[in-house]
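Peer 1: Just need the structure, nothing else, for what follows:
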Amino acid sequence: MKQASKKIIEFIANFEAFRSKPYLDVAGIPTIGYGATYYENGVKITMSDVPITNERALQLKAFHIQIAEKAVLQFVKSTVNQNQFDALISFTYNLGATALKNSTLLKKVNVNPNDKSIEAEFKKWVNIRNPKTGRLEKSNGLIRRRNEEAAIYFN
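Peer 2: Next comes the predicted model:
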């Protein structure tokens, strides 16, 4: 069974960056550790949660990577190489299994994982809903992440 590589696990950690205290992500969602929005038991992170250690954050990250792996293994029907798998893991870790499942990105991967138009599909997922205005806006962090995921995918 395919697993996320050490390289993509480090990539995710670098993008998410460890935070011991709960914080609001760019979309205003309570988050902790390395981008976790909920605990293993399904309880959502709240702004009143107690700070966590880096060790605890690494456990949460491993749990969320496993969730992403299961989703990619379940939904990707074509044969993908390790880099393609890793890019899809990072995408799913960041956006969730439902986003992957319902995406044109997935449809294209399942038809032909080497289709060059897949790069553009990664790059569509760069908007956040501004918690102050309620409007969709491009996020520079997501633009950078999707560009790098696309580069990993086609490497």
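Peer 1: the helices in the protein, which residues?
Peer 2: 6-16, 54-75, 82-95, 97-101, 104-111, 118-122, 140-153 (DSSP state H).
Peer 1: name the helices or strands packed onto the fifth one?
Peer 2: The one in question is helix 104-111. helix 82-95, helix 118-122 (3 or more C-beta pairs under 8 Å, 6 or more residues apart in numbering; DSSP states H and E). Every residue, glycine included, has its C-beta placed from N, CA and C.
Peer 1: right, and residue 36 touches residue 61 too?
Peer 2: Yes. Contact criterion C-beta atoms under 8 Å: residue 36 and residue 61 qualify, at 7.0 Å.
Peer 1: Any chance of JSON lines for the helices and strands packed on helix 104-111, columns mean neighbour count?
Peer 2: Compiled in JSON lines, the helices and strands packed on helix 104-111 are given as follows (neighbours: other C-beta atoms under 10 Å):
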{"stretch": "helix 82-95", "mean neighbour count": "23"}
{"stretch": "helix 118-122", "mean neighbour count": "19"}
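Peer 1: So which of these is nearest residue 68?
Peer 2: With C-beta to C-beta as the measure, helix 82-95 is the member of the helices and strands packed on helix 104-111 nearest residue 68 (4.0 Å).
Peer 1: could you give the angle of that closest one to helix 140-153?
Peer 2: 160 degrees (axes from the mean of the first three to the mean of the last three C-alpha atoms, to 10 degrees).
Peer 1: which stretches of this structure have low pLDDT?
Peer 2: The chain contains no residues with pLDDT under 70.
Peer 1: Can I get the strand ranked longest in it in CSV? Just the C-alpha atoms.
Peer 2: Determined from DSSP state E, the single longest strand within the chain is strand 19-24. Below are the C-alpha coordinates for strand 19-24, written out as CSV (Å, rounded to 0.1, in the frame of the first residue of the first chain):
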residue,chain,number,x,y,z
ARG,A,19,1.7,26.5,16.4
SER,A,20,1.1,25.3,20.0
LYS,A,21,-1.9,27.5,20.6
PRO,A,22,-5.2,27.6,18.7
TYR,A,23,-5.3,30.2,16.0
LEU,A,24,-7.6,31.2,13.2
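Peer 1: Give me the angle between that strand and helix 54-75.
Peer 2: 60 degrees.
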